[in-house]
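# Give me a model of this one.
(one chain, ligands or ions: 1)
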Amino acid sequence: MRIIVCKNYEELSEKAANIVASQLTLKPDSVIGRATGSTPLGMYSKLAEMNKSGEIDFSDVISFNLDEYYPIQKENSQSYDKFMKDNLFSKINIKPENTHIPNGEATDPIKECDEYERLIKENGGIDLQILGIGQNGHIGFNEPDASLSSRTHLTNLTENTIKANSRFFASSDEVPRQALTMGIATILKARKIILLANGANKSRVVSELLNDGINTSVPATLLKTHPDVILICDEDAYYGTRLGVDIGGTDIKFAVVDKKEVKFTDKIKTPENADGIVNAICDKINEIKDEYKIKNVGIGTPGEIKNGLIYASNLPFKGYPLEKAVSDKIDLFVTVDNDANCAALGEIIFGSTNDCDNLVLVTLGTGIGGGIIMNRQICHTKNNMGEIGHFIIKPENGRKCPCGQEGCWEQYCSSNALVKDVGEAAKQNKDSIIYKLMTEKGTLNGEIIFEALDMGCEVTKAVYKKYIFYLARGIESLANIFGPDCIVLAGGVTLQGDKLLAPLKAELKKDIRVEISTLQRNAGALGAAML
Ligand code: F6R
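Sure thing, here's the model as predicted:
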């Protein structure tokens, strides 16, 4: 299933209309399957405009609607027959004899269904099927059930659908209790399918569709068996309200994101054992899930994830099934990913780089971590992708790295490497400014290093120049490998802003967009929310 997330309903309607238009350009006598309901209205009005301006022609098009209430008179203001005439057929040059809708007035509904199925077949089958999705996951009127009828049939509507559709009737008592609908197999026989979903009230079902396995209690999941389905949804339907959790060695951070707006943030101390971490996360979720109507939880954790098990050196996760442990305790969708990947996702969605499609995040901290985003998706492999701190920047006489290699980038460019190098240089130059500052303060950290630079310390300047040299070479290499729209730097040393960025840009021999993270430590929880 391909997914297109549109900014709003307007964009969704335009994209869907363009797909129908290209179908008609390629095959002017296409057989189009149509849905009613509020979702396709915008697309129908765009198609009417395109037809009026001569861009598309419906004169050879054959149309089959998905469904109709049963029983219902055609002239009833809520019949799908009337809906289609009012909203599309009266506005385009389609021949009335080419428009087919199951007959809600039929005296023998079973015969009507068989005839409808035969007619679709006789016309060569559906080329492009347009679908909406019910809040309960129905497509057409194929309601959630233990087993689903495959062909056009008479069906009972569920309470949920009656309630949802009562908005079109004077009261829910007036909503017909039955309908004639194409079956799942009728729909799946279409050569191409577009499924439209908009609005926050569809976010739960969209996440069920995307996260659940194929099952008849969410009939739309059966679309996953079709080779050519495009889900076109707006951001409200796609994102919904999500909770992001960022597990760190010291704190666990939480962020509730509604669409892309941050509604709530919080932080707790990280418990010492794995079960304690899971309990603390679940307690927080239970505390806030009803208030914020949370549907999805994303968790970012340090370490490697293999077959659902987490291996983290600085957390009590040694082959720990985090996703399962949290999902078992709460009735929400839970997704777990590496924390640097989450931070990279956070940057591309919420950061100053939200205009990019491709991005590499480099965190200069104790080591160097990274997340790679291509086409706005986290890049994953089964083999621990994104260990950018461990590419070799100095192959000969390189510094030893705990990973077993020599000359890893993080041995030269992590914040820790900078502090270590400056410390060693200071000890060899006891008359230097940095040595004086270091002994006065009894410690050495990034702030003291930049203070020394501000005071014109030549020893610190020389070390920093080398640091910037290796940083630039690493960034150029990343740019060569991934061709990102931007490289975002985060972590300790980047809090110095222009004192890092200006010399770095001067040293770069390639024209690369490099920015310092505007989100810094919040990127992880925000990105986790959007997993
Ligand atoms: C309509 C149909 C239904 C709707 C679905 C969504 O022909 O078959 O499956 O597509 O109920 O309805 P709206 O778009 O009103 O949310």
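# now the helices for the stretch 251-400 of the chain?
274-292, 322-329, 339-350 (DSSP state H, counting those that start in this stretch).
# between those helices, which gets nearest to the ligand?
helix 274-292 (23.4 Å; CB to the nearest ligand atom). Quick note: C-beta positions are derived from backbone N, CA and C, even for glycine.
# mind saving the C-alpha coords of the closest one as CSV?
Taking C-alpha atoms only, helix 274-292 is exported to CSV below (Å, rounded to 0.1, in the frame of the first residue of the first chain):
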residue,chain,number,x,y,z
ALA,A,274,13.9,-2.9,32.7
ASP,A,275,10.6,-3.7,34.4
GLY,A,276,10.8,-0.5,36.4
ILE,A,277,11.2,1.5,33.1
VAL,A,278,8.2,-0.3,31.5
ASN,A,279,6.0,0.3,34.6
ALA,A,280,7.0,4.0,34.8
ILE,A,281,6.2,4.5,31.1
CYS,A,282,2.8,2.7,31.4
ASP,A,283,1.9,4.6,34.6
LYS,A,284,2.5,7.9,32.7
ILE,A,285,0.5,6.7,29.7
ASN,A,286,-2.4,5.6,31.9
GLU,A,287,-2.3,9.0,33.6
ILE,A,288,-2.6,11.0,30.4
LYS,A,289,-4.1,8.8,27.7
ASP,A,290,-7.8,9.7,28.3
GLU,A,291,-7.2,13.4,28.7
TYR,A,292,-5.3,13.6,25.4
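# What parts of the protein come near the ligand?
35-39, 66-67, 132-134, 138-141 (CB under 6 Å from any ligand atom).
# Is it possible to mark the buried ones in those residues?
35-37, 39, 66-67, 132-134, 138-141 (16 or more other CB atoms under 10 Å).
# Farthest pair within these?
Within these, 39 and 141 form the most distant pair, 14.7 Å apart (CB to CB).
# Could you name the helices and strands sitting against the one helix or strand residue 237 maps to?
Taking DSSP states H and E as the definition, residue 237 sits inside helix 235-239. Counting contacts by 3 or more CB pairs under 8 Å, 6 or more residues apart in numbering; DSSP states H and E, helix 235-239 is packed against strand 2-6, helix 203-211.
# Now do the longest one and strand 2-6, the angle between them.
Going back to what we said before, that points to helix 203-211. 150 degrees (axes from the mean of the first three to the mean of the last three CA atoms, to 10 degrees).
# hmm, who's touching helix 203-211?
3, 133-137, 197, 218, 220-221, 223, 231, 233, 236-241, 295-296, 333, 335 (CB atoms under 8 Å, 6 or more residues apart in numbering).
# pLDDT on it, on average?
Summarised as a single mean, pLDDT over helix 203-211 is 86.
# Centre of the chain to that helix, how far?
Helix 203-211 sits 12 Å away from the centroid of its parent chain (CA atoms, centre = their mean, to the nearest Å).
# One more: the shortest one?
Average the C-alpha atoms of strand 2-6, do the same for its chain, and the two points are 9 Å apart (CA atoms, centre = their mean).
# Partner strands of it, with direction?
strand 229-234 (parallel) (DSSP bridges).
# avg pLDDT for the strand it pairs with?
pLDDT averaged over strand 229-234 gives 97.
# do the same with stretch 409-421
On average, stretch 409-421 scores 96.
# Can you list the buried residues in it?
409-419, 421.
# likewise stretch 379-387?
Quick answer for stretch 379-387 (16+ other CB under 10 Å): 379, 386-387.
# Go through the residues you listed and name the one nearest residue 359.
The closest of those, once distances to residue 359 are taken by CB to CB, is residue 379, at 10.4 Å.
# In this structure that closest one contacts residue 370, no?
No: with contacts counted by CB atoms under 8 Å, residue 379 stays clear of residue 370, the gap being 10.4 Å.
# Mutual contacts of these two, please.
Joint contacts of residue 379 and residue 370 (CB under 8 Å, 6+ apart) are residue 386.
# Excluding sequence neighbours, find me the nearest residue to residue 131.
residue 195 (4.6 Å; CB to CB, 6 or more residues apart in numbering).
# Now do the SS call for that neighbour.
strand (DSSP: H, G, I helix; E, B strand; the rest coil).
# and it, how many residues sit next to it?
Using other CB atoms under 10 Å, residue 195 is surrounded by 25 other residues.
# That one: what's it in contact with?
Residue 195 touches 131-133, 139, 220, 223, 229-232, counting by CB under 8 Å, 6+ apart.
# Apart from its neighbours in sequence, what residue is nearest whichever residue of the stretch 251-400 of the chain sits closest to the ligand?
Residue nearest to the ligand within the stretch 251-400 of the chain (CB to the nearest ligand atom): residue 295, separated by 17.5 Å. Distance criterion CB to CB, 6+ apart; nearest residue to residue 295, sequence neighbours excluded, is residue 240 at 4.8 Å.
# Kindly state the pLDDT recorded for that neighbour?
pLDDT, residue 240: 79.
# what are the phi and psi values for it?
phi 60, psi -160 (degrees, to the nearest 10).
# My read is that it contacts residue 296, right?
Yes: using CB under 8 Å, residue 240 is in contact with residue 296, at 6.6 Å.
# Over to the spatially most distant residue from the centre of the chain. Which of the three states is it?
Residue farthest from the centre of the chain, counting by CA atoms, centre = their mean, is residue 431 at 55.1 Å. Following three-state DSSP, the label given to residue 431 is coil.
# The ligand versus that one, what's the distance?
76 Å (CB to the nearest ligand atom, to the nearest Å).
# Find the nearest non-adjacent residue to the closest residue to the ligand within the stretch 101-250 of the chain, please.
Scanning the stretch 101-250 of the chain for the residue nearest the ligand gives residue 132, at 2.4 Å (criterion: CB to the nearest ligand atom). The shortest distance from residue 132 to any residue other than its chain neighbours is 4.1 Å, reached at residue 39 (CB to CB, 6+ apart).
# OK, contacts around that neighbour?
Applying CB under 8 Å, 6+ apart, the residues near residue 39 are 132-133, 196-198.
# Comparing the helices of the stretch 251-400 of the chain, which comes out most buried?
helix 339-350 (a mean of 27; mean count of other CB atoms under 10 Å).
# Give me the residues contacting that helix.
Here helix 339-350 has contacts from 244, 246-248, 260, 262, 298, 300-302, 353-354, 356, 359-361, 363, 369-373, 376, 378, 380, 386, 488, 490, 517, 519, 522-528, 530-531, using CB under 8 Å, 6+ apart.
# still on that earlier bit, of the contacts of residue 195, which is the nearest to residue 80?
residue 132 (12.0 Å).
# unless I'm mixing things up, that closest one is touching residue 197, no?
Yes: look at residue 132 against residue 197 with CB under 8 Å: they come within range, at 7.3 Å.
# re the thing from before, show me the two of the contacts of residue 39 that sit farthest apart.
133 and 198, at 9.9 Å, using CB to CB across these.
# how about the strands in the stretch 1-150 of the chain?
2-6, 31-34, 62-65, 67-70, 99-100, 128-131 (DSSP state E, counting those that start in this stretch).
# In TSV, list those along with mean pLDDT.
As requested, the strands of the stretch 1-150 of the chain are exported to TSV (pLDDT from 0 to 100):
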stretch	mean pLDDT
strand 2-6	93
strand 31-34	98
strand 62-65	98
strand 67-70	97
strand 99-100	98
strand 128-131	98
